[in-house]
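[1] need a structure here:
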Amino acid sequence: MEQERKPRILIGKPGLDGHDRGAKVIARALRDAGMEVIYTGLRQTPDMIVEAALQEDVDAIGLSILSGAHMPLMERIMTLMAEHELTDIPVFLGGIIPTDDMSRLQELGVKGVFGPGASIEEISSFIWQAIRNPEAAL
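    Now for the predicted structure:
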């Protein structure tokens, strides 16, 4: 019987935000949940994140943005993903994201947004579902 391949999840910190504790906690939790995690580290440009997604052949991308620059960063990342034909890879976002921005993020193609207090189980479950059903949305 063939064993299911571990999903490869890229966790990134785009922009100049230097707070990565949450991203590291999520990366470790996803690894513990049976996923292979690639953590890009701090201060990544949108180009660096999309290039890493291409090189690592990831199944999903999780980004942590606490700086308030989520809209311009996500616009650029989603544009680059479309240019590289990566729109089938679910993207999820964590951080301080105003409710008013949710519909615009969904229009851009972001599949999930997790704010403070989101549980590891909720995020892990979302990722498994998004990988199995890429048409699911926010």
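[2] Show me which positions of stretch 79-96 end up buried.
    Residues of stretch 79-96 classed as buried: 80-81, 86, 89-95 (neighbour count, 16 or more other Cβ atoms under 10 Å). Just so you know, the C-beta spots here come from the backbone N, C-alpha and C atoms, and that holds for glycine as well.
[3] So which of the residues you listed sit within helices?
    Those of the buried residues of stretch 79-96 mapping onto helices are 80-81, per DSSP state H.
[4] And the furthest pair within the buried residues of stretch 79-96?
    Leu86 and Gly95 (21.3 Å; Cβ to Cβ).
[5] which residues of this protein score low on pLDDT?
    Applying pLDDT under 70 to the chain flags residues 1-3, 134-138.
[6] That one: helices as residue ranges?
    Going by DSSP H, the chain shows helices at 21-32, 46-56, 70-83, 102-108, 120-132.
[7] contact partners of the third one?
    Think helix 70-83. Helix 70-83 is contacted from outside by 14-15, 46-47, 49-50, 53, 63, 65, 87, 89, 91, 93, 95, 97, 101, 104-105, 108-110, using Cβ atoms under 8 Å, 6 or more residues apart in numbering.
[8] just the shortest one next, same as before
    Where contact means Cβ under 8 Å, 6+ apart, the residues beyond helix 102-108 that reach it are 70-71, 74-75, 78, 93, 97, 113, 137-138.
[9] of those residues, buried ones?
    Here, 16+ other Cβ under 10 Å leaves 70, 74, 78, 93, 97, 113 buried among the contacts of helix 102-108.
[10] would you list these in a markdown table and tack on distance to Asn133?
    Converted to a markdown table, those look like this (distance: Cβ to Cβ, whole Å):
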| residue | distance to Asn133 |
| --- | --- |
| His70 | 24 |
| Met74 | 21 |
| Met78 | 19 |
| Leu93 | 18 |
| Ile97 | 23 |
| Val113 | 17 |
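[11] Relative to Ile38, which of those residues is nearest.
    For the buried ones among the contacts of helix 102-108, the nearest to Ile38 is Leu93 (16.9 Å; Cβ to Cβ).
[12] my guess is the closest one meets Ala69, correct?
    No. Contact criterion Cβ atoms under 8 Å: Leu93 and Ala69 do not qualify, at 11.9 Å.
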